[in-house]
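Q: Would you be able to build a 3D model of this:
(one chain, ligands or ions: 1)
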Amino acid sequence: MTEAKLEAWHDETRSFAPSAEFAKQANAQPSIYDDAAADPVAWWRTQADRLTWTTTPTKSLEWDLPFAKWFSDGTLNASYNAVDRHVEAGKGDKVAYHWIADAVGESRTITYAQLQKLVAQAANALTELGVKSGDRVAVYMPMIPEAVVTMLAIVRLGAVHSVVFAGFSAEALSSRILDSDCQYVVTADGAYRRGAASPLKPAVDEALESCPNVKAVLVVRRTGGDVGWKDGRDHWWHEIVDRQSEEHAYESFPAEHTMFIMYTSGTTAKPKGIFHTTGGYLTHVAATHDYIFDVKPDTDICWTAADIGWITGHSYIVYGPLINCVTQVMYEGLPDSGGKDRWWKIIEENKVTILYTAPTTIRTLMKWGEEFPKSHDLSSLRLLGTVGEPINPEAWIWYRENIGSGKTPIVDTWWQTETGGILITPLPGITATKPGAAMTPFPGISADIVDNDGNSVGNGEGGYLVLTQPWPGMTRGIYGDPERFMETYWSRFPGMYFAGDGAKRDQDGDIWLLGRIDDVMNISGHRLSTTEVEHALVGHPAVAEAAVVGASDPTTGQAIVAFVTLKLSAEDASKDQSALVEELRNHVAKVIGPIAKPRQIILTPELPKTRSGKIMRRLLRDVAEDRDLGDVTTLTDPTVVNQIAELMEIGADVDDDLTR
Ligand code: WT7
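A: Numbering: from 1, shown residues only. Down below sits the predicted model:
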């Protein structure tokens with residue numbers, strides 16, 4: 001990438017200083033960066049004091065690359081730290097979750113004292129079913145309070161949860177159950193989506209046909225109706241959990257006791273079982289949640305609009321916020337369950353102060369239009385967050401202007417399933433923010449951007465994002481496959497953790513994430529990020545969303561093919577689509593440079609996405625490469641559309657490493 005291009009990019013964006021008022025309230029003081037940098041390991045050790053340890057650790061880091069141990073001689077119980085200790089401290093009546101159902105009007109409020117009892121009952125029930133410390137338990141549940149209760153009950157027993165997103169297929173579920181040999185499954189009969197019940201239990205039954213080791217299945221009744229039943233194996237939650245004692249004496253476990261496994265796609269078809277341990281992970285999520293979201297436990301209402309089936313839900317719906325004893329909103333439905341203003345209604349009614357979500361959702365909300373947020377009072381919001389993919393500056397600005405009353409700081413947080421918690425982010429009261437930039441490593445985190453040979457790049461240059469020192473929340477490995485762990489993350493650049501993302505440092509030294517390196521194109525020897533071209537396209541007033549792929553090209557190596565959805569109004573108004581396509585190509589050329597002019601732009605009513613909302617770029621690349629699209633400007637070829645539609649159906653099974 002040339003300097004001129006980086007400059008052009010940077011000049012187009014704005015920088016926001018933290019507001020004076022916000023800086024005054026902030027939890028973190030500016031000295032935090034220097035304090036942590038002076039001795040990162042010692043700094044993290046002080047962060048571990050946020051937890052209540054049964055045995056206080058005397059050790060901090062033991063590092064035998066690629067295997068880290070943090071606080072290894074300490075012992076603790078994760079569930080006690082998340083719930084019981086707050087009740088003991090007199091916070092029992094504080095609301096832990098305002099749970100809001102898919103259906104408008106249905107909700108449930110759960111205090112910390114109630115949560116403690118529910119967790120105790122679930123832990124007793126799991127014990128009755130045979131669950132013991134070290135056992136793996138698969139969790140395949142919708143966004144209902146029982147999902148959180150289940151996770152906390154499992155870790156309370158020292159067992160290991162493997163939460164599988166409920167949108168995954170039976171086959172995906174069974175492969176995950178088999179890989180970590182889960183002998184127990186907790187699920188529900190079904191889930192609600194936009195008012196309609198969709199079954200879950202049949203997928204479990206189908207998955208278990210190939211999982212002979214599963215001894216017991218615990219089933220929450222959420223939707224009612226008939227379900228298949230295997231006597232002896234299947235148990236209703238209301239029959240076995242509700243009759244248990246509301247007290248449960250917890251045991252303490254070593255800091256390095258495995259706490260959970262979370263599967264994530266790799267470059268091969270087999271998903272990787274990323275596992276995390278207890279003391280370091282909890283320290284990391286508690287500290288990041290507190291400093292990055294500037295949490296005030298007495299007044300904040302936090303809403304992480306994610307699913308517990310992903311790491312974001314684990315770290316910032318369950319463990320981080322509970323450790324910090326905050327009140328949260330937990331929402332079961334889709335953004336438009338009950339209307340396109342549902343989110344804004346939830347924020348208004350619950351006086352949400354901190355909202356954390358993904359760029360893809362922000363763009364969807366943007367596409368629906370400003371009238372929806374405008375019809376609600378969103379003034380309770382004081383901080384907004386984003387995660388999951390690079391956010392285009394237009395979406396960032398829209399988020400701040402329309403959701404954040406034009407003044408809330410936005411924290412663009414970079415991290416991964418593997419990192420456990422956030423690693424690169426602004427701190428709202430201290431650092432400036434720039435639309436589209438994740439800015440700077442969190443205190444105590446050593447990140448760098450390196451070239452092909454592993455050398456640090458200078459300001460204004462791009463390269464690969466690496467972590468150069470271990471951190472407490474880092475994965476301890478791929479379950480059952482230490483070699484793959486070494487090979488995937490620690491071999492590309494010796495001594496460094498290779499994240500798989502491209503990044504650049506702007507002229508001020510601030511970090512911009514450019515997407516997976518798989519998404520970096522090489523056009524006539526020039527490196528270009530698909531994200532950059534997408535940002536440019538989305539910057540055009542007619543464009544709602546864009547996905548760009550590098551398709552192989554005999555002349556230029558790769559050529560840019562863009563798939564574009566138009567804003568509703570533009571779609572209606574624009575009759576001459578080939579003129580619009582030409583305009584868009586020129587627009588990109590103008591924004592980034594002629595080299596970035598897409599070879600082809602294809603207008604399509606939808607972009608294929610995985611169920612987690614990530615654009616399936618690899619599928620688009622296949623479409624762009626394998627099919628002779630000729631001079632098509634509109635993707636109406638039924639075979640192509642069918643192929644996309646078909647893959648959207650099975651989206652959850654598709655290796656999405658390349659789609660991030
Ligand atoms: C990948 C990790 C972290 C929870 C959700 C995703 C991309 C994540 C950002 C961000 C640019 C981001 C990266 C990363 N990513 N956050 N703020 N800016 N890219 O977890 O499924 O493990 O995906 O998501 O490409 O490697 P995940």
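
Q: Which one of the residues in the stretch 151-300 of the chain is closest to the ligand?
A: Going by CB to the nearest ligand atom, the ligand is nearest to T264 of the stretch 151-300 of the chain, at 5.2 Å. For every residue, glycine as well, the C-beta is placed using N, CA and C.

Q: Run a quick neighbour tally on that residue.
A: When neighbours are defined as other CB atoms under 10 Å, T264 has 18 of them.

Q: That one reaches H276, doesn't it?
A: No. Counting by CB atoms under 8 Å, T264 does not reach H276; the two are 12.0 Å apart.

Q: Confirm Y281 sits in a helix?
A: Yes. Under DSSP: H, G, I helix; E, B strand; the rest coil, Y281 sits within a helix.

Q: Per-residue confidence, it, what does it come out as?
A: The model reports Y281 with a pLDDT of 98.

Q: M262 versus the spatially most central residue of the chain, what's the distance?
A: Nearest residue to the geometric centre of the chain (CA atoms, centre = their mean): T312, 4.1 Å. To M262, T312 is 10 Å away according to CB to CB, to the nearest Å.

Q: go on, W236?
A: Distance from W236 to M262, by CB to CB: 27 Å.

Q: Neighbour count: these two, which is higher?
A: M262 (27 against 15).

Q: So that one lies in a strand, does it not?
A: Yes. If the criterion is three-state DSSP, then M262 is within a strand.

Q: Mind listing the residues bridging to it?
A: According to DSSP bridges, the partner residues bridging M262 are I274.

Q: Contacts only, for it.
A: M262 is in contact with S162, V163, G273, I274, F275, H276, W310, I311, H314, T417, counting by CB atoms under 8 Å, 6 or more residues apart in numbering.

Q: Mind doing that once more with 10 Å?
A: 161-165, 176, 271-276, 309-311, 313-315, 417-418, 420, 475, 479 (CB atoms under 10 Å, 6 or more residues apart in numbering).

Q: what touches both of T264 and H276?
A: I311, T417, E418, T475.

Q: Top of these by number of neighbours, please.
A: T475 (26 neighbours).

Q: Need the pLDDT of that residue.
A: 98.

Q: Quickly find the element holding it.
A: Taking DSSP states H and E as the definition, one finds T475 inside no helix or strand.

Q: That one and Y281 touch, don't they?
A: Yes. If you go by CB atoms under 10 Å, T475 and Y281 touch, sitting 9.1 Å apart.

Q: can you list the residues of this structure near the ligand?
A: Contact residues (CB under 6 Å from any ligand atom) of the chain with the ligand: 264, 311-312, 387-390, 412-417, 438, 499-501, 513, 516, 660.

Q: Among the residues you listed, which ones are in strands?
A: Per DSSP state E, strands hold the following members of the residues of the chain next to the ligand: T264, V387, D412, T413, A499, G500, D501, L513, R516.

Q: what two of those residues have the greatest distance between them?
A: T264 and D412 (20.7 Å; CB to CB).

Q: what about the strands in the stretch 351-500 of the chain?
A: Assignment of strands within the stretch 351-500 of the chain using DSSP state E, counting those that start in this stretch yields the ranges 354-357, 383-387, 410-413, 447-450, 462-467, 477-478, 497-505.

Q: got it, and the stretch 501-650 of the chain?
A: Applying DSSP E, counting those that start in this stretch to the stretch 501-650 of the chain gives strands spanning 511-516, 520-523, 526-529, 543-553, 557-566, 600-603.

Q: Adding mean neighbour count, write these out as a markdown table.
A: As requested, the strands of the stretch 501-650 of the chain are arranged in a markdown table below (neighbours: other CB atoms under 10 Å):
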| stretch | mean neighbour count |
| --- | --- |
| strand 511-516 | 23 |
| strand 520-523 | 18 |
| strand 526-529 | 20 |
| strand 543-553 | 23 |
| strand 557-566 | 23 |
| strand 600-603 | 22 |
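
Q: got the ones you listed as a markdown table, with mean pLDDT columns?
A: As requested, those are exported to a markdown table (pLDDT from 0 to 100):
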| stretch | mean pLDDT |
| --- | --- |
| strand 511-516 | 85 |
| strand 520-523 | 68 |
| strand 526-529 | 65 |
| strand 543-553 | 88 |
| strand 557-566 | 88 |
| strand 600-603 | 89 |
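
Q: L51 and T278, how far apart?
A: 9 Å.

Q: Could you check which of the two has the larger neighbour count?
A: Taking other CB under 10 Å, L51 and T278 do not tie; T278 has more neighbours (28 against 24).

Q: Please name the nearest non-neighbouring residue to that one.
A: M259 (4.6 Å; CB to CB, 6 or more residues apart in numbering).

Q: Run through the residues that contact the one you found.
A: 78, 151, 154-155, 158-161, 253, 275-282, 314, 319, 420, 476.

Q: In contact with the residue of the stretch 351-500 of the chain found nearest the ligand, which residues are there?
A: Closest approach between the stretch 351-500 of the chain and the ligand, counting by CB to the nearest ligand atom: T417, at 3.4 Å. Going by CB under 10 Å, 6+ apart, T417 touches 262-265, 272, 274, 276, 310-312, 314-315, 475.

Q: okay if I get those residues as TSV plus distance to W43?
A: Shown next, in TSV, are these (distance: CB to CB, whole Å):
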residue	distance to W43
M262	26
Y263	32
T264	28
S265	33
K272	30
I274	25
H276	21
W310	28
I311	24
T312	25
H314	24
S315	20
T475	21
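
Q: Max pairwise distance over those residues: which two?
A: Most distant of the contacts of T417, by CB to CB, are S265 and S315, 18.7 Å apart.

Q: Compare these two (neighbour count), which wins?
A: Each of S265 and S315 has its neighbours counted (other CB under 10 Å); S315 has more, 30 against 22.

Q: contacting residues around the more buried one?
A: Contacts of S315 by CB under 10 Å, 6+ apart are 262, 276, 281-282, 284-286, 288-289, 304, 306, 321, 387, 415, 417, 419-422, 473.

Q: any idea whether it is helix, strand or coil?
A: Per three-state DSSP, S315 ends up helix.

Q: Over to V318?
A: Using three-state DSSP, the structure places V318 in helix.

Q: which intervals of this structure have sub-threshold pLDDT?
A: 1-13, 19-21, 265-270, 518-520, 522, 524-528, 557, 570-575, 610-612, 626-660 (pLDDT under 70).

Q: need the longest helix for it.
A: helix 112-129 (DSSP state H).

Q: Report the separation between the closest residue to the ligand within the stretch 201-350 of the chain and N213.
A: Closest to the ligand within the stretch 201-350 of the chain is T312: 4.5 Å, counting by CB to the nearest ligand atom. As judged by CB to CB, T312 and N213 stand 30 Å apart.

Q: And for I410?
A: I410 is 46 Å from N213, by CB to CB.

Q: Check A596 too.
A: Taking CB to CB, one finds A596 at 52 Å from N213.
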